[in-house]
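Novice: Give me a model of this one.
(3 chains)
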Amino acid sequence: MPQQIDWSVLWRPPFGEMVVGAVLTTLELSLVSWAFALILGVAIGMARAAPLRAARLLATAYVELFRNIPLLVQLFFVYYVLPRLLPEPLRQGLFRLGWEPASAVLTLALYTSAKIAEHVRSGLNAVGRPVQLGALSTGLTWLQAQRHVVAPLVLRTIVPSLASEFVTVFKSSSLAMTVGVVETSYLTQQLGLQTFHWIEANTMGIAVYLVCAWSVALLMSLVERWSRVPGVLGRRTLP
Amino acid sequence: MSEAKGIGRRGLLGSLGAAAALGLSRQAAAETAPCAEDTLDRIKRSGVFNLGARQSTPPYGYVDAQNNWTGFATEIAQAIHAAVERELKAKIKLNYVPVTSQTRIPLLQNGTIDMEAGATVVTRSRARIVDFTVPHFLTSTEIIVRATSPVKSLADLAGKRVGVPQGGLEEALYRGLNQSGRLNPAVAIIGFPDHPQGFTALGTGTIDAYSSDGPILFGMKAKAANPADWRVFDPGANVFLQAFPIRPESSRFKSIADVTVVEIFADGRWNALYEKYFGPHGVAPFEKTPALAALALMNAWPAD
Amino acid sequence: MGWAALIQLASALLWINLRLTLTAIAIALPVACLFALGRLSRLPLLYYPLTAYVNVLRSSPLLMIMFWAYYTGPMITGSPASAYMAALIALAAFEAAYFTEIVRAGIQSIATSQRRAALATGLSPAQAARYIILPQALRRMLPSLVTQSIIAFQDSTIASVIGVTDIFQMTNIISAREQRPIALYTGLAAMFFVLCYGLSRAARGLESRMAARVAGGAAP
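Specialist: Purely as a prediction, here's the structure:
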């Protein structure tokens, strides 16, 4: 039982391809969720400052709902309960499609969009007002003003917060293993159970997430540099 | 904040440093690994027998309404604990540690538990890592479906969704069946972290069938609010032995455990336990197969 | 489904999730204060390891850290831990990393004149930190700390994955037995919503009351 550390467990067949498959799954889960979350989150975040009161209330309710329920509980709700609320043919279709990863992506996207909406709201509070008034005064409708003037500016100023949210998406994807998605965390356990080389497996798992976080940070710092708003706010942005 | 960049440089340094520290400390740990001593000596030294037991896997191991740890496997393990106390001539505390099918081997390996009493199947890959006591049970992988389900045999599963416990041998079984073409179209295999999740998924229709060890499924069915809603059947895919895993190089502990199990077979206690848990009025009614009866005969070693 | 189930759930919530969260915070916060001061020091011996710690812990999923604490940690240290202890160690270590960043931001936001004045009155750097800087920093970052604590409370449900019978696992078990996942998971979600929303509103109330007291943002 004092086994020797054997790193080759991570790449020799059949484990090598299992590792690659699982890491790809983590990447897919995270990137797809992030894409949806970004679009949804920005929309909801802007809606929180909309002139229409109903839009504001709905957006606030949305954000509060997803922020105050643990991600695991949301995931189980979506995975087990949501199909029950759908008609039978749709339900079967969902299952055939692969409800495990789909539910994980859905949950992660909704949860992250609420977080992004919050960051957008902070950004709006910090820089939105004067820009908004200026845009509106040029005769643009509210929607046009948001789309062409306010949103781009707000997004550029909240890049650091978005960066940390992006990293969080990768971390949160690990919970998908509880609904049977074979991603990196699932794989570390699988590897451990089959080879009994727990230290190697768990270290690999954490290394994968570290590399993801590092890559995201690198990418986002490039984005930040490229999108920096000259003269107004540097990188030292919001509290 | 430069945190975004900070994660970059520092994260790499940090992970390299952690890996280096890990390598060094692993060498140190190898000398003081928790399994270097016989389990019996460890129990004697600490005065505690850490038993990995199942909390909600009737009939093998579960916590009853009075919050007592009980079950077919748990009771046999309690007998082993009594035998250890007699051998060491000292009062030894029996500490129940809840385990799942995923945690049982690693917890044994890292010393958290001294023995696991659940539904662990004896497999070749496990036998290379841990030792097993004399097998005390024999079952097969079975399938539970809704009573109204059209699935009645293994072939009916083709193209459907079957849930299995993560980290058990069912995953490998169904993957093999898929690859060999015996299940065509292939069945979708979904791993659940624990049995309650799998059973819930079956109930909501997220999966068409849940497959695990036979008695576990019978136990789930018996404990359900409406047992008549469920049907368990044996697809005839495999048969296997169950035993208690213990750490290797513990021959003194193993002989005590083995003799205790064999005594339970020989003096009729095993039959009584079987009636209690698997009998018609038991927790999970399960008919004694010829193979199981043969096991009971094989393990009733004579006294000398 | 009855009262027995409700009592099981409530006791799991209080005895596991709440206890786990509060204990983890009680450990993490003092540690974070030390780490924050360490990260602001100029000693490379303190700065680099602590920065590595904070960045590694903040980049890793809590789930993986719990796996590490439960399975692999004992293999290395040689001393086993129960699932609850492993969850506690993991959560405390995880939150310590986040708290460290929050406290560090708080300390940095305190005007350096405070520190210089403290040293000028004859306090040692440690005393200055303890009596002047940290109290102000903590007070200033209280809203962030509370928000992070609420997140920690939600994250305590992840302990269920390593086998801790917390309220989430209890819900899973009862849902399987009673076959009523819709009612149970909705109820669980609602409970968390009410609790967390209530706590965050209270925190916001606290924040506005503090802001009213500390006019100007300088020393109260």
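Novice: so the nearest residue to A:Phe77 once chain neighbours are set aside, which of the three states?
Specialist: What sits nearest to A:Phe77 in space, not counting adjacent residues and going by CB to CB, 6 or more residues apart in numbering or on different chains, is C:Tyr185, at 4.8 Å. C-beta: built from backbone N, CA, C; applies to glycine. Secondary structure state of C:Tyr185, per DSSP: H, G, I helix; E, B strand; the rest coil, is helix.
Novice: and C:Tyr185, what pLDDT?
Specialist: Per-residue confidence (pLDDT) for C:Tyr185: 92.
Novice: try the one 4 residues further on
Specialist: The predicted structure scores C:Ala189 at 93 on the pLDDT scale.
Novice: So for the helix or strand hosting it, what gets flagged as buried?
Specialist: Element membership of C:Ala189 [criterion: DSSP states H and E] is helix C:181-213. Neighbour counts over helix C:181-213 (16 or more other CB atoms under 10 Å in any protein chain shown) mark C:181, C:184-185, C:188-189, C:191-193, C:195-197, C:199-200, C:203 as buried.
Novice: and which of these is nearest chain A?
Specialist: Relative to chain A, the closest of the buried residues of helix C:181-213 is C:Cys196; by CB to the nearest CB it sits at 3.8 Å.
Novice: The residue lying closest to the closest one once chain neighbours are set aside: neighbouring residues, count only.
Specialist: Distances taken as CB to CB, 6+ apart put A:Asn68 closest to C:Cys196, at 3.8 Å, once the chain neighbours are dropped. A:Asn68: 20 surrounding residues under other CB atoms under 10 Å in any protein chain shown.
Novice: Do I have it right that A:Asn68 meets C:Ser200?
Specialist: Yes. Counting by CB atoms under 8 Å, A:Asn68 touches C:Ser200, with 7.0 Å between them.
Novice: Show me whatever sits in contact with both of these two.
Specialist: Overlap of the contact sets of A:Asn68 and C:Ser200 (by CB atoms under 8 Å, 6 or more residues apart in numbering or on different chains) consists of C:Ile150.
Novice: Longest helix in chain A, please.
Specialist: If you go by DSSP state H, chain A has its longest helix at helix A:88-123.
Novice: for the helix or strand following that helix, packing partners?
Specialist: Following helix A:88-123 in sequence order, the next helix or strand is helix A:129-137 (DSSP H and E). The contact analysis (3 or more CB pairs under 8 Å, 6 or more residues apart in numbering or on different chains; DSSP states H and E) places helix A:129-137 against helix A:142-145.
Novice: Just the C-alphas of the helix it packs on, formatted as CSV.
Specialist: C-alpha atoms of helix A:142-145 as CSV (Å, rounded to 0.1, in the frame of the first residue of the first chain):
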residue,chain,number,x,y,z
TRP,A,142,-33.1,53.9,-24.7
LEU,A,143,-32.4,50.5,-26.4
GLN,A,144,-30.1,52.1,-29.0
ALA,A,145,-28.3,54.0,-26.3
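Novice: Which strands and helices lie in contact with that helix?
Specialist: For helix A:142-145, the packing partners by 3+ CB pairs under 8 Å, 6+ apart are helix A:129-137.
Novice: pull the helix or strand with minimum mean pLDDT from chain C.
Specialist: Using mean pLDDT, DSSP states H and E, the weakest-scoring helix or strand in chain C turns out to be helix C:73-77, at a mean of 72.
Novice: I'd like to know which elements that helix is packed against.
Specialist: With 3+ CB pairs under 8 Å, 6+ apart as the test, helix C:73-77 has helix A:198-227, helix B:3-31 packed against it.
Novice: Can you report how many residues lie near residue 166?
Specialist: Answering for chain A, as no chain was given. Neighbours of A:Phe166 (other CB under 10 Å): 26.
Novice: Please refer instead to chain B.
Specialist: Residues near B:Gln166, counting by other CB under 10 Å: 25.
Novice: next one: the one 10 residues further on
Specialist: Other residues within reach of B:Gly176, judged by other CB under 10 Å, total 13.
Novice: likewise B:Ser125?
Specialist: Neighbours of B:Ser125 (other CB under 10 Å): 12.
Novice: That one is in what secondary structure piece?
Specialist: helix B:124-127.
Novice: and that helix, average pLDDT?
Specialist: Mean predicted lDDT for helix B:124-127 stands at 88.
Novice: who touches it?
Specialist: Outside helix B:124-127, the residues touching it (CB under 8 Å, 6+ apart) are A:194, B:105, B:120, B:132, B:245.
Novice: Is it correct that the second one is in contact with A:Leu193?
Specialist: Just to be clear, that refers to B:Ile105. Yes. Assessed by CB under 8 Å, B:Ile105 is found in contact with A:Leu193 at 6.8 Å.
Novice: pretty sure B:Leu138 belongs to a strand, no?
Specialist: Yes. Under three-state DSSP, B:Leu138 falls within a strand.
Novice: who's in contact with it?
Specialist: Per CB under 8 Å, 6+ apart, neighbours of B:Leu138: B:239-242, B:289, B:291-292, B:295.
Novice: can you rerun that using 10 Å?
Specialist: When contacts are counted by CB atoms under 10 Å, 6 or more residues apart in numbering or on different chains, B:Leu138 touches B:121-122, B:239-242, B:288-289, B:291-296, B:298.
Novice: What score does B:Ala28 have for pLDDT?
Specialist: So B:Ala28 comes in at 40 (pLDDT).
Novice: And residue 73, which helix or strand is it part of?
Specialist: Using chain A. helix A:71-76.
Novice: Sorry, I should have been clearer: chain B.
Specialist: helix B:72-88.
Novice: do that helix and chain C meet at all?
Specialist: No. Contact of helix B:72-88 with chain C (CB under 10 Å from any CB of the partner chain) is absent, the minimum separation being 16.4 Å.
Novice: What's the first helix or strand after that helix?
Specialist: Per DSSP H and E, helix B:72-88 leads on to strand B:93-98 as the next helix or strand towards the C-terminus.
Novice: Any buried residues in the helix or strand that comes right after that next one, and which?
Specialist: Moving toward the C-terminus from strand B:93-98, the next helix or strand (DSSP H and E) is helix B:104-109. For helix B:104-109, a neighbour-count test (16+ other CB under 10 Å) marks B:104-109 as buried.
Novice: which residues of the chain score low on pLDDT?
Specialist: No chain specified, so I'll use chain A. Residues of chain A meeting the criterion pLDDT under 70: A:1-4, A:229, A:231-239.
Novice: You answered for a different chain; I wanted chain B.
Specialist: Residues of chain B meeting the criterion pLDDT under 70: B:1-36.
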